[in-house]
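[1] sequence plus predicted model, see below.
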Amino acid sequence: MKKLVLLLSLCLIAGGLSAQELKSPNGKLELNFSVNHDGTPVYTLKYKEKTVIRPSKLGLESFGDKPSFYDKFSVANVDHSTFDETWEPVWGETKTIRNHYNEMAVTLKQKETERMMILKFRLFDDGLGFRYEFPLQSKLTYFAVKEELTQFAMTGDHTAYWIPGDYDTQEYDYTISKLSEIRALQESARTDNLSQTGFSDTGLQTSLQLKTADGIYINLHEAALINYACMHLNLDDKNFIFQSWLTPDANGTKGHLQAPCHTPWRTIIVSDDARDILASNITLNLNDPCKIEDTSWIKPMKYVGVWWEMITGKSDWSYTNELPSVKLGITDYSKVKPHGRHGATTANVKKYIDFAALHGIDGVLVEGWNIGWEDWFGHSKDFVFDFLTPYPDFDIAEIHRYAKSKGVKMVMHHETSASVRNYERYMDAAYQLMNKYEYPAVKSGYVGDIIPRGENHYSQWINNHYQYAIEKAAQYKIMVNAHEAVRPTGICRTWPNLIGNESARGTEYQAFGGSKPNHVTLLPFTRLIGGPMDYTPGIFEMDIAKANPNNTSHCNSTLANQLALYVTMSSPLQMAADFPENYNRFLDAFQFIKDVALDWDESNYLEAEPGEYITVARKAKGTDNWFVGNTCGEKGFTSKISFDFLDADKQYIATIYADAKDAHYKTNPQAYTIRKVVVTNKSKLTQFSAPGGGYAISIYPVTNKAQIKGLKKL
Ligand code: NOJ
Ligand code: CA
């Protein structure tokens, strides 16, 4: 139900307008806006009467123009309005989402240039969104952005949960430190060759989670990143002021804008309860409503895949050692000698299809099905894939027939080798091939330097490509899961066929040396603020050498923690990433992966502290079934939850998959217990989670008394 109420529209003379105030609907957040003596816009933000953002300047610097969109402004007009609607996402953490805010649109004019800029602020109960708008006007057509000058001035030396600024990757472990420690930590990381490229020593990526000394959680990010460069933050660590730092294009320009246009929203989520940060819907609410009319083909899915075997090094994406092949125009591989380690063979794929069919898993991803991998890995920086031609041992028609006969869908893979123009040239044909063989979803990838101009991965130019791929996929009724693309900013509200992104350090790093055990307690506070992640959980064999004796990596997680990820890292697309043979060793635990839902009516965050623990209970869409997940970091955790989210008039059977008392992510990760108990909405649970551990619970209503015979009440 959409309800737009215009509260008041003020048209006052410029002089009387310099100081403005806006409150959130519940009055807990207060924004103050003014234009300072230089004519620069300035804002502050208070939460429960405490300042959380000190006076912070706003503006944009354009090339060539003087003055820029930064100073010499005066206020020409201020409009206030209120908006309140409740909408239903196609998939997500809750059935409905309330979008309720008070808005203030400040029209600024530069007398000298006769140019106009609107600052639009939306103040929700859980945070602030604001953006720059450039309406159609006679004295402004287009301009090139030198830098965006948005400030977020902190009130002290807060704790930050951060990854370094980088134009090309987000695949870092998080560091927890004071703001004042970031410079030294980044400098030392740089000498280890671990740090970012082309960035200052205090540059960070968003979504950035912060915590003040008095327990206020602040999250900085952006929403609706469309036709603009991705924002990083650069910290002035003497004054604790963050300033926006946009990703440049190959020539150093940070964007090209043509009026009428606007920037993405800059977001500040604020609460004194960490759980509110996880439950916030600001990022989605600041995106446009769904633009796809018929969404019936967008269906959440679980999948297995010919993937972990290549990631661990057990098998290969490539088919042959003979190089080069495609690059010299050889597309007929029938006479090429195979090296015998190719993963995407018809026989191997059928094994995964059989496993998926047996366990009710919706789909099978196959990587390394198309020719060219040996060329790409072998030499050519400028090599491009064709997305159409399978290797001779991958029979695409037969696999389609076989999968269909078993009720399993295939998931396409398009590794673009970051050659985006080439991908765009192939896109229609590639999507048509998917339609022909009924692939509902594509995992795309952008590994390597962006071809042809050596763009960064997050500039305006390439962001426009990612968007193009999503919108074109929608025309073909294809769901997209883009890896190495720009991190999400809630665009899945508008384009719900964007069912996943990687854009962070995923499970693959557990086979590339391992990730920190608390990584998964941070991702929901950071990367997931913008949208779901294709994290690819479900690793049951933590000793990677069992897959490949030459790989000494260890997956820093207990098995119970891996189960919990399906609940704590909500996503409409979830992989069960390990090998069928590893699941067959632990079928009782695998049952949780089979059971867990992908789409939810309700989500209740029960316990949360970034870097330490997260516990969430979610109600599966259209059912009375609940799933609970807890993950924790290095210290372990004792979780205390109440089941008061359950219906008062029902009894339920809860199956609790937990770490055994002696479990530990490093030394004893596969030690788990499974117990079944009866629960009601009066039940309470105190549950141990091991270091790097967690627990998962499935909860089903009792439909027949015989089901609970012999079971204890919790
Ligand atoms: C990186 C992706 O994240 C990974 O999942 C994929 O297997 C490789 N690229 C190859 O495309
Ligand atoms: Ca990746």
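    It's in. Residues are numbered from 1 along each chain as shown. Ligands and ions are numbered 1, 2, ... in the order given.

[2] for the stretch 101-250 of the chain, which residue gets nearest to ligand 1?
    Residue of the stretch 101-250 of the chain nearest ligand 1, by C-beta to the nearest ligand atom: residue 171 (8.1 Å). (Glycine included, C-beta is placed from N, CA and C.)

[3] OK, contacts around that residue?
    502, 504-506, 509 (C-beta atoms under 8 Å, 6 or more residues apart in numbering).

[4] flag the shaky bits of the stretch 251-400 of the chain, pLDDT-wise.
    Applying pLDDT under 70 to the stretch 251-400 of the chain picks out residues 323-328, 330, 378-383.

[5] around ligand 1, which positions in it sit nearby?
    Within the stretch 251-400 of the chain, the positions near ligand 1 by C-beta under 6 Å from any ligand atom are 307, 367.

[6] what are the ranges of the helices in the stretch 251-400 of the chain?
    Assigned by DSSP state H, counting those that start in this stretch, the stretch 251-400 of the chain shows helices spanning 274-279, 282-285, 308-312, 346-359, 373-378, 396-405.

[7] what does the stretch 551-700 of the chain give?
    Per DSSP H, counting those that start in this stretch, the stretch 551-700 of the chain carries helices over the ranges 559-568, 580-585, 587-595.

[8] deepest-packed of those helices, please.
    Highest mean neighbour count among the helices of the stretch 551-700 of the chain (mean count of other C-beta atoms under 10 Å): helix 559-568, with a mean of 29.

[9] and that one, how far out from the chain middle?
    Relative to its chain's centre, helix 559-568 lies at 17 Å (C-alpha atoms, centre = their mean, to the nearest Å).

[10] contacts for it?
    Residues contacting helix 559-568 (C-beta under 8 Å, 6+ apart): 520, 524, 535, 537-540, 542, 574, 586, 589, 592-593, 596, 614-616, 618, 627-632, 657-659, 663, 665, 669-672, 689-690, 692-696.

[11] using CSV, please lay out the helices of the stretch 251-400 of the chain together with distance to residue 337.
    Formatted as CSV, those follow (distance: least, C-beta to C-beta, whole Å):
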stretch, distance to residue 337
helix 274-279, 53
helix 282-285, 51
helix 308-312, 20
helix 346-359, 19
helix 373-378, 11
helix 396-405, 22
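
[12] need those in a markdown table (columns: mean neighbour count).
    Formatted as a markdown table, the helices of the stretch 251-400 of the chain follow (neighbours: other C-beta atoms under 10 Å):
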| stretch | mean neighbour count |
| --- | --- |
| helix 274-279 | 21 |
| helix 282-285 | 25 |
| helix 308-312 | 24 |
| helix 346-359 | 18 |
| helix 373-378 | 20 |
| helix 396-405 | 16 |
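
[13] residue 41 is nearest to which of those?
    For those, proximity to residue 41 was assessed by C-beta to C-beta; helix 282-285 is nearest, at 21.2 Å.

[14] can you list the residues that contact that closest one?
    Here helix 282-285 makes contact (C-beta under 8 Å, 6+ apart) with 89, 92, 97, 99, 101, 124, 126-127, 129, 221, 223, 267, 269, 489-490, 492-493, 529-531.

[15] so which of the contacts of residue 171 belong to helices?
    Per DSSP state H, helices hold no members of the contacts of residue 171.

[16] those residues: which ones sit near ligand 1?
    Among the contacts of residue 171, the residues that sit close to ligand 1 (C-beta under 6 Å from any ligand atom) are residue 502.

[17] then stretch 157-169 to PDB, C-alphas only?
    Extracted in PDB, the C-alpha atoms of stretch 157-169 (Å, rounded to 0.1, in the frame of the first residue of the first chain):
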ATOM      1  CA  ASP A 157      38.600   7.200  17.600                       C
ATOM      2  CA  HIS A 158      36.000   4.600  16.900                       C
ATOM      3  CA  THR A 159      36.500   0.900  16.400                       C
ATOM      4  CA  ALA A 160      36.400   0.000  12.700                       C
ATOM      5  CA  TYR A 161      35.800  -3.300  11.000                       C
ATOM      6  CA  TRP A 162      37.500  -2.700   7.700                       C
ATOM      7  CA  ILE A 163      39.100  -3.900   4.500                       C
ATOM      8  CA  PRO A 164      41.500  -1.600   2.700                       C
ATOM      9  CA  GLY A 165      40.500   0.600  -0.200                       C
ATOM     10  CA  ASP A 166      41.100  -1.200  -3.500                       C
ATOM     11  CA  TYR A 167      39.600  -0.500  -7.000                       C
ATOM     12  CA  ASP A 168      39.800  -4.100  -8.000                       C
ATOM     13  CA  THR A 169      39.000  -6.500  -5.200                       C
END
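
[18] quick one: buried residues of that stretch?
    Buried residues in stretch 157-169, counted by 16 or more other C-beta atoms under 10 Å: 158-169.

[19] if you look at that stretch, does any of it touch ligand 1?
    No: using C-beta under 6 Å from any ligand atom, stretch 157-169 stays clear of ligand 1, with a minimum separation of 10.4 Å.

[20] let me know the average pLDDT across that stretch.
    Per-residue pLDDT over stretch 157-169 has a mean of 95.

[21] which members of the contacts of helix 282-285 are positioned in helices?
    Among these, no residue falls in helices (DSSP H).

[22] circling back to that earlier point, quick check: the residue of the stretch 101-250 of the chain closest to ligand 1 is in a helix.
    No: according to DSSP: H, G, I helix; E, B strand; the rest coil, residue 171 belongs to no helix; its state is coil.

[23] ramachandran angles for it?
    Note on residue 171: its backbone torsions stand at phi -80, psi 60 [degrees, to the nearest 10].

[24] can you tell me how far it sits from residue 206?
    Residue 171 sits 15 Å away from residue 206, going by C-beta to C-beta, to the nearest Å.

[25] closest to residue 464 among the buried residues of stretch 157-169?
    The closest of those to residue 464 turns out to be residue 167 (C-beta to C-beta; 15.8 Å).

[26] now do the contacts for the spatially closest residue to that closest one that is not a sequence neighbour.
    Leaving aside its sequence neighbours, residue 167 sits nearest to residue 456 (C-beta to C-beta, 6 or more residues apart in numbering; 3.5 Å). Contact analysis of residue 456 by C-beta under 8 Å, 6+ apart lists 167-168, 198, 247-250, 450, 462.

[27] elements contacting the host helix or strand of residue 120?
    If you go by DSSP states H and E, residue 120 is part of strand 115-124. With contacts defined as 3 or more C-beta pairs under 8 Å, 6 or more residues apart in numbering; DSSP states H and E, the packing partners of strand 115-124 are strand 20-23, strand 29-35, strand 73-87, strand 97-110, strand 127-134.

[28] which of those is buried the deepest?
    Buried most deeply of the helices and strands packed on strand 115-124, by mean count of other C-beta under 10 Å, is strand 127-134, with a mean of 23.

[29] just want the angle from that strand to strand 115-124.
    Inter-element angle recorded for strand 127-134 and strand 115-124: 160 degrees (by axes from the mean of the first three to the mean of the last three C-alpha atoms, to 10 degrees).

[30] for strand 127-134, packing partners?
    Helices and strands touching strand 127-134, by 3+ C-beta pairs under 8 Å, 6+ apart, are strand 29-35, strand 115-124, strand 261-262, strand 265-271, helix 282-285.

[31] pLDDT on the helix or strand just after that strand, on average?
    Downstream of strand 127-134, the next assigned helix or strand under DSSP H and E is strand 142-148. Strand 142-148 comes out with an average pLDDT of 95.

[32] for strand 142-148, which positions count as buried?
    By neighbour count on 16+ other C-beta under 10 Å, the buried set for strand 142-148 is 143, 145-148.

[33] turn the contacts of residue 456 into TSV, columns for distance to residue 30 and secondary structure.
    Converted to TSV, the contacts of residue 456 look like this (distance: C-beta to C-beta, whole Å; DSSP: H, G, I helix; E, B strand; the rest coil):
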residue	distance to residue 30	secondary structure
167	35	coil
168	39	coil
198	38	coil
247	32	coil
248	35	coil
249	38	coil
250	42	coil
450	43	strand
462	38	helix
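
[34] Serialize those residues to TSV and add fields for distance to residue 431.
    Compiled in TSV, the contacts of residue 456 are given as follows (distance: C-beta to C-beta, whole Å):
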residue	distance to residue 431
167	28
168	26
198	34
247	28
248	31
249	27
250	27
450	21
462	20
